[in-house]
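J.: what's the 3D shape of this:
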Amino acid sequence: MPSELNTLVHEVLRHPHFRFEDLKGFDAQIANRRADEADKQAGTPFGTGFRERAVTIDVPSGDKTVPPERIEVPGLHYRRIMDVLREALQDPVLSPKYHLFPFRLFRRAGDSNEASRIYSEIYNSDAMLEAHEDVQSAHLPPEEQECKRPRIVSALMAWSDSTHLANFGNAHVWPIYLMLGNLSKYIRCQPTSGACLHLAYIPSLSAETKRKIAAFHAKWDTQQKQILTHCKRELMQAVWAILLEDDEFLKAYRYGFVMEINGTEYRVYPRLFTYSADYPEKVLLATIRDKGICVCPRCLMPRDKLERMGMVSDMKYRLTHARTYLKWAVERARNLIYNMATPITGPAVERLLKATSSVPTKNAFKIDELDNIDVSRFLVVDFMHEFELGVWKAFFTHSIRLLYAIDSALVKELDKR
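T.: Numbers count the residues shown, from 1 in each chain. So this is what the prediction gives:
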């Protein structure tokens, strides 16, 4: 990548302390092996790289007399959010391009005196302006009550997508990426910009883990599908709980942290703005059912009324029936499942959750330290899956076929419009 090559040349090769004779006899394979061994050693000074640990999920027993069991799912590789954020803010190539202070953008067409508001980036959105205003009166740490540094918002943008590694077989990875909305989308979207940073790799329920769950749950034979679906939801939320419930990140979220950017010290407040994912992952993140009665992660529009999409009444309904996390219902449902051995999709649980397509899984984003983030609002439209490769593409392709079937000249008319 150009940014990494620039760093290598200007910060390493041209550094006054660098000596070319140290590279005598250099072998990349040996160097990589030594680096891998160093990562495994305790006390290594390079503490911002990937860590590995198991993810713990609670599995119900299906038997009133047997308490639930905590089962470990191995294979989570992750970096701490603060390490990724510091790396991004200190990038010598990208940091001069960050927009640290949000603004409103207007455009005046021709000789008109009327200016139109332009929404093109996170840093000229109302959400960013409101967040920036909020942190001006945010709390300061007890030891820095007199801090006068400028306060800024670091707009975190998460993205995840389970990816197959080959056209055959079932090998896949499930990465989570992190980007900063303070950087223009035209730079972020460049594959070689270095603006997209790896945050974590979500593990899967391995065959061995499934065997443990099957051996533990008393009703595995008749409830296998529901149990596995529940465990996958628990796994996704447990991964995000590990990432979010980090003491340093929670402190920075509340009090901000000091960072020098382009020669000036700022107090930076990280804020989660967007999460981009395809529909199956949105379902896991929003803790709702896949294609349930209310299919949307943002509102409670019933599935049988989706054909009203685009109507004025449809928009009013979505605004007045926004989805909210039913913490009380989830806690009661979990008590039934984990303590009373009620089936995960049993009638008692369904009465609590089915009407809103909710699920009996605690949402990792709904914690007091993060001001109970509204997950439904930051799950943004995923253009690749929902438009370019999704249902919209299939609909548009079908419409073109219809036009050709009626009169091929209509396709040219469509192109004009």
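J.: Could you give the bridge partners of Ile288?
T.: Note on Ile288: beta-bridge partners Ser358, judged by DSSP bridges.
J.: what sits against it?
T.: By CB atoms under 8 Å, 6 or more residues apart in numbering, the residues touching Ile288 are 294, 297, 323, 356-359. (C-beta placed from N, C-alpha, C; glycine too.)
J.: between the residues you listed, which is closest to Glu388?
T.: Pro297 (19.7 Å; CB to CB).
J.: Surely that closest one is within a strand?
T.: No: read with DSSP: H, G, I helix; E, B strand; the rest coil, Pro297 is coil and lies in no strand.
J.: how about the helices in the stretch 101-250 of the chain?
T.: 126-135, 185-188, 207-216, 220-244, 247-255 (DSSP state H, counting those that start in this stretch).
J.: if we compare these, which one ends up closest to Ile373?
T.: helix 220-244 (9.0 Å).
J.: from the chain's centre, how far out does the closest one sit?
T.: Between the centre of helix 220-244 and the centre of its chain there are 17 Å (CA atoms, centre = their mean, to the nearest Å).
J.: List the buried residues of it.
T.: By 16 or more other CB atoms under 10 Å, the buried positions in helix 220-244 come out as 223, 227, 229-244.
J.: Any idea which residue is closest to the centre of this protein?
T.: Ala158 (3.6 Å; CA atoms, centre = their mean).
J.: Name the residues that touch stretch 8-20?
T.: Counting by CB under 8 Å, 6+ apart, Pro92 sit against stretch 8-20.
J.: What's the end-to-end length of that stretch?
T.: Start and end residues of stretch 8-20 are separated by 13 Å (CA to CA, to the nearest Å).
J.: Now do the residue nearest to the centre of the chain against His198, distance only.
T.: 12 Å (CB to CB, to the nearest Å).
J.: Name the residues contacting each of the two.
T.: In terms of CB under 8 Å, 6+ apart, Ala158 and His198 are both contacted by the residues 176-178.
J.: Can you pick out the ones from the residues you listed that are in strands?
T.: Per DSSP state E, strands hold the following members of the shared contacts of Ala158 and His198: 176-178.
J.: Let's have those residues in JSON lines, adding pLDDT and distance to Val9.
T.: Formatted as JSON lines, those follow (pLDDT from 0 to 100; distance: CB to CB, whole Å):
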{"residue": "Ile176", "pLDDT": "95", "distance to Val9": "31"}
{"residue": "Tyr177", "pLDDT": "95", "distance to Val9": "26"}
{"residue": "Leu178", "pLDDT": "95", "distance to Val9": "26"}
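J.: which SS class is His15?
T.: Following three-state DSSP, His15 is assigned to coil.
J.: Distance of it relative to Thr7?
T.: His15 is 11 Å from Thr7, by CB to CB.
J.: Which one of the two is surrounded by more residues?
T.: Taking neighbours as other CB atoms under 10 Å, His15 and Thr7 compare with Thr7 leading, 16 against 10.
J.: contacting residues for the more buried one?
T.: So Thr7 contacts 92-93 (CB under 8 Å, 6+ apart).
J.: what are the phi and psi values for it?
T.: phi -60, psi -40 (degrees, to the nearest 10).
J.: Look up phi and psi at the residue lying farthest from the centre of the chain.
T.: Distance from the C-alpha centroid of the chain peaks at Asp407, with 45.2 Å (CA atoms, centre = their mean). When read as degrees, to the nearest 10, the backbone of Asp407 gives phi -170, psi 120.
J.: Gly382 against Asp278, yeah?
T.: Small correction: residue 382 is Asp, not Gly. Yes: look at Asp382 against Asp278 with CB atoms under 8 Å: they come within range, at 5.7 Å.
J.: Between those two, tell me which one has more neighbours.
T.: Using other CB under 10 Å as the criterion, Asp382 and Asp278 rank with Asp382 on top: 20 against 16.
J.: Right, I'll call it a day here.
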